[in-house]
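Novice: this one's sequence-less:
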DNA sequence: AAGTGGTCTAGACCACGCA
DNA sequence: GCGTGGTCTAGACCACTTC
């Protein structure tokens, strides 16, 4: 019996073999269902999957075509830092460097897209077996933090958030920068050393939650399967 | 009428409100289908989607539970460099720096996981409106390159591959490094400047296809929505 | 052995986007 | 309009995992 994964494999084979060239329109779901002897829903499952990963482009009425420039999509996990350290078999440590309620600088407000006044500003150092692993610089909307503030020296803001302010939209970006200032000092690297930097911004449906900048120790690598 | 997206929203709301705490087992599909007055397939679609993005964990017989440490997954596109440059409204240019058939160094063979003897070695500079955008260092399995070799000075190996050797598995990784050697020179940056580096390895089902290292111009940023 | 999620079917209706 | 993909249903069988 042909399952949706078999259909997917067959479609991929036809694309690879150029039976269905790049950019070409392929037969409709009904036709393929007949040809393969399966229900239309099964074909739909296979084609939807291929569209999700960028191999096909589907539009109602227009039909399904092979992506002209197959844009590969890759996905990766955004782990809680503690889990990431422990997954390497190292011992996690956390050191609170700075904590205050103050006005965020203009760039942070801009990234959040909305001014919510004073915010909770937390700077922490995440350790892997005693060595600096990540320097975290975070601004939190006071509206999401309870009044007796959690002890961010014991549980990282990162971890507290995923457990208490679940689900939100946001964006994330990665860049290479030369280390500098307090971040370089906290991490214990020389000024100008190349470091991997993650910046993330998250919103609840109606208000910003947090902006965070993570400076990873030199040698850090973000990797995933295609 | 309740569609699968409504079910998804309701499930998310229950998780957010702690009606279903982190790590807790939630009712089975049949029960939820009855409660929401929809078919089980609709509930399945919603829960599968949530499992795919890491909010739920599902196991046959064991049931569905809320992920204890919700690992957010992000996905991003791996565009063809020309498309990336043009998407910025800049003019794409390509300069072939080096082309030879030679033995790959040990690290490259190791990453590919299989020794295929001599390979095609291509080094190119991708330009955005005349300025260096990406330095590409690529090793290609000779088995995937036709005998009159394509003109890699006209069409980048990158682009030629997606059009002619479609679909493969592989891995990709990102890191920050200090620029150096011919790469720094080709890009026109000072030695030691922080650059964003992408390394990618792709395989056909039975043999390696290519290994490539991309050094992006300073200031490059990889970003995506969560 | 039994319960749960994973998938398939045949049919149906709907929404979108072209003409 | 009208064709295509998107989704839903009710029922069924299967695969996996835990008991």
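Specialist: Here it is on my side, so go on. The structure displayed is predicted, hence computed values, not measured ones.
Novice: To what extent is the closest residue to DNA strand C within chain A buried, counted in neighbours?
Specialist: Of all residues in chain A, residue A:3 sits closest to DNA strand C, at 2.6 Å by CB to the nearest atom of the strand. Bear in mind the C-beta positions are built from the backbone N, C-alpha and C, glycine included. Counted with other CB atoms under 10 Å in any protein chain shown, residues neighbouring residue A:3 total 12.
Novice: Contacts only, for it.
Specialist: Counting by CB atoms under 8 Å, 6 or more residues apart in numbering or on different chains, residue A:3 makes contact with residue A:42.
Novice: Next, give phi and psi for it.
Specialist: The phi/psi pair for residue A:3 (degrees, to the nearest 10) reads phi -90, psi 180.
Novice: Roughly how far does it sit from residue A:177?
Specialist: Going from residue A:3 to residue A:177 by CB to CB, to the nearest Å gives 47 Å.
Novice: Could you do residue A:126 as well?
Specialist: From residue A:126 across to residue A:177, the span is 18 Å (CB to CB).
Novice: Please work out how many residues are found near residue A:67.
Specialist: Around residue A:67 there are 19 residues (other CB under 10 Å).
Novice: helices and strands around the helix or strand of chain A with the lowest mean pLDDT, which ones?
Specialist: The helix or strand of chain A with the poorest confidence is strand A:72-78; it has a mean of 83 (mean pLDDT, DSSP states H and E). For strand A:72-78, the packing partners by 3 or more CB pairs under 8 Å, 6 or more residues apart in numbering or on different chains; DSSP states H and E come out as strand A:221-225, strand B:72-78.
Novice: out of those strands, deepest packed?
Specialist: Comparing those by mean neighbour count (mean count of other CB atoms under 10 Å in any protein chain shown), strand B:72-78 ranks first with a mean of 17.
Novice: what are the pairing partners of it, and which direction each?
Specialist: Using DSSP bridges, strand B:72-78 pairs in its sheet with strand A:72-78 (antiparallel).
Novice: Tell me which other helices or strands the helix or strand that the strand it pairs with is followed by touches.
Specialist: Next helix or strand after strand A:72-78 toward the C-terminus (DSSP states H and E): helix A:81-87. Packing contacts for helix A:81-87, counted by 3+ CB pairs under 8 Å, 6+ apart, involve strand A:92-102, strand A:119-128, strand A:131-141, helix A:157-164.
Novice: Quick one: mean pLDDT for the third one?
Specialist: Here strand A:131-141 scores 96 as its mean pLDDT.
Novice: ok, and does that strand reach over to chain B?
Specialist: No: Strand A:131-141 does not reach chain B (CB under 8 Å from any CB of the partner chain); its nearest approach is 13.2 Å.
Novice: now that strand against helix A:157-164, angle please.
Specialist: Here strand A:131-141 runs at an angle of 50 degrees relative to helix A:157-164 (axes from the mean of the first three to the mean of the last three CA atoms, to 10 degrees).
Novice: Return the distance of strand A:131-141 from the chain's centre.
Specialist: How far strand A:131-141 lies from its chain's middle: 17 Å, per CA atoms, centre = their mean, to the nearest Å.
Novice: who's in contact with that strand?
Specialist: With CB under 8 Å, 6+ apart as the test, strand A:131-141 has contacts from A:81, A:85, A:90, A:104, A:108, A:112, A:116, A:119-127, A:156-158, A:183, A:186-189, A:207-217.
Novice: What subset of these is buried?
Specialist: Taking 16 or more other CB atoms under 10 Å in any protein chain shown as the criterion, what is buried in the contacts of strand A:131-141 is A:81, A:85, A:104, A:108, A:112, A:116, A:119-127, A:156-158, A:183, A:186-187, A:189, A:208-217.
Novice: Residue of chain A closest to DNA strand D, please.
Specialist: Residue nearest to DNA strand D within chain A: residue A:61 (2.9 Å; CB to the nearest atom of the strand).
Novice: my read is that residue is in a strand, agree?
Specialist: No: using DSSP: H, G, I helix; E, B strand; the rest coil, the assignment for residue A:61 is coil, not a strand.
Novice: Got the confidence number for it?
Specialist: We have a pLDDT of 89 for residue A:61.
Novice: tell me the contacts of residue A:10?
Specialist: residue A:36.
Novice: for it, helix, strand, or coil?
Specialist: With three-state DSSP as the basis, the three-state label of residue A:10 is helix.
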